[in-house]
Every structure is written in C-alpha cells, then in structure tokens.
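J.: Next one to model:
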Amino acid sequence: MAELGEMPEGGESIRQYPGEDGNMYWVVLDKDGKAIKAKDMESYQAFRAKNSKRKAPEGKIYIAKSTDGGKSWSNSQLVYSSPDGSVCECCMPTIQADKNDQLYIMFRNNLKGSRDLHLAISKDHGNSFDSPIKLGQDTWKLNGCPMDGGGFRVTNQDNIATVWQRDGQIFIAKPKEKEMKIGTGRSPSIDAGNKGDYITWSEGENIMFLGPKSTSAKVLAKGAYSKTISTDQGDAMLIVWTEEGKIKLKKVS
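T.: Numbering: from 1, shown residues only. As a prediction, this is how the structure comes out:
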C-alpha cells in the first residue's frame, strides 16, 4: 500500500503475481478483472501472456471427517460441483455444526458469471448435502475472484445469519430471505452471544463493529482480517485482528 498510495478510481482488488525474476509484484484490477495499475505493467502483461493457455479452474467443495480429534481423516467427499466448471477459485469456504450435529458449509459460487454466496446443509452428519441455497436476492456479475468468503453463525436450521461482501458492500442475510446492507468494506465475520449478533469487517484501514444493540457501525480499531468469536458462556465477544504485523484482541460485551 505504501507503493500504491491511493487506490485508483475503479480499482476493485489488489493481486500479487510472480515476475520473471522470482519476486512478487502487485497489480490493481477493476471489477472486470482488467489491470488498471501495477508496480510493473510490462511484467504483468508478460505474466498474463505466459499463463493465457492455463487450464480453466475446476474448484469443487469437498469435506473430510475426523472422529479421533484430528489424528486420522476420512477420504475426501464431494459436497458440490458447479455446473459451470468451478466454484469461486480463491474464496475460502466456512463450515460449522449446530447443536444437533447438522453441518453447514458456506462458499462463494461461480454460476453464469455471478460470484454469489451459497449455503449447503447436511442433516445426516455430513454424509449427504441438500442442494446449496443462494444467499441474497441480487447477484454479483464479476470476472474474477474477490478473495472474500464471508462468514456465518448457526444455532439450528431455522436460526442462521450470514454476512458477506458484494461489490464492496457488506450484507447480512438469512437463507431464502432478502439481504440487508449494513456497511461497506470486505472480510466480514459474525458470531452470536446471549444478547444477539456481533459483526466486524474491514473498511479501508479500519475494523468496523456492529453490536446487537447498535443502529450503525462504529470504528473498533485500526487493522484488518478481523474475526468475531463468542465466549463459551455467551456473555461476551472476542474480536481478533491484525495490526502492523501483530495480532490484537479486544473483549466486548
């Protein structure tokens, strides 16, 4: 960011790529994946030309299970395969279980050029999954991966809340219901305490916070990559984030 300075107009994401000299370089892409600024535009164009004939992504969602605390794992089991060839290439999926041991996996899909979040649900301990549910009613046409998988929390199948980014806006949504905008930014996280939902996300250099009794978000701290984690008792929330190469933690109630 020190080299880039201000994000150029139309800039949607910052990517890294390996140059011919083995060093990593940055490039700024617009919402269509076109480069609009780079540390070395000539080397980026050479990188793209060299990789123009690479095989198309074939990302799928799999699950593996351990019944002995991680000492051994089952073979990978397919959860979902996009009919268009691949789910979103880099957005990390999220998995949780409710109190009844039903499993939930949220991931960003890639269908007909849209990069929308989906939720897959298993009612039999992960042996099979229902067809994934698209989250939100609008869609995001994007020729590229936003590298932002969102987050969710679950109590049971009737009590799920998801948060995710679409085109730089943060939304909260329940499955099969209309999404509600709560801010701007990226990388949201959510968890529930006794008082309700606690949500954080990144907006520029700030960590934004929205509590269960808040009507609008406020700046919690400087930093990025926040994670919201409820205590076992549910009476407080731990907010973890990175700031200047250090991991910071704050307890809120």
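J.: beta partners for Thr94?
T.: Met106 (DSSP bridges).
J.: Spell out, range by range, the helices that occur in this structure.
T.: All helices of the chain, identified by DSSP state H, fall at 41-50.
J.: At the geometric centre of it, which residue do we find?
T.: Central residue of the chain (C-alpha atoms, centre = their mean): Gly149, 1.6 Å from the mean position.
J.: if I pick that one, what's in contact with it?
T.: Residues near Gly149 by C-beta atoms under 8 Å, 6 or more residues apart in numbering: 91-94, 106-108, 117, 164. For the C-beta atoms, the positions are set from N, CA and C on the backbone; glycine is no exception.
J.: I'd like the residues you listed as TSV, with neighbour count, pLDDT and distance to Asn194 appended.
T.: Formatted as TSV, these follow (neighbours: other C-beta atoms under 10 Å; pLDDT from 0 to 100; distance: C-beta to C-beta, whole Å):
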residue	neighbour count	pLDDT	distance to Asn194
Cys91	23	93	31
Met92	12	93	28
Pro93	21	96	28
Thr94	18	96	23
Met106	28	98	24
Phe107	24	98	29
Arg108	28	97	31
Leu117	31	98	27
Trp164	29	97	25
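J.: Report the separation between the residue nearest to the centre of the chain and Tyr198.
T.: Look at Gly149 and Tyr198: by C-beta to C-beta, to the nearest Å, they are 19 Å apart.
J.: what does Phe107 give?
T.: Phe107 is 23 Å from Tyr198, by C-beta to C-beta.
J.: ends of stretch 12-24, how far apart?
T.: 19 Å (C-alpha to C-alpha, to the nearest Å).
J.: Ok, stretch 5-23 next?
T.: OK, stretch 5-23 end separation, C-alpha to C-alpha: 20 Å.
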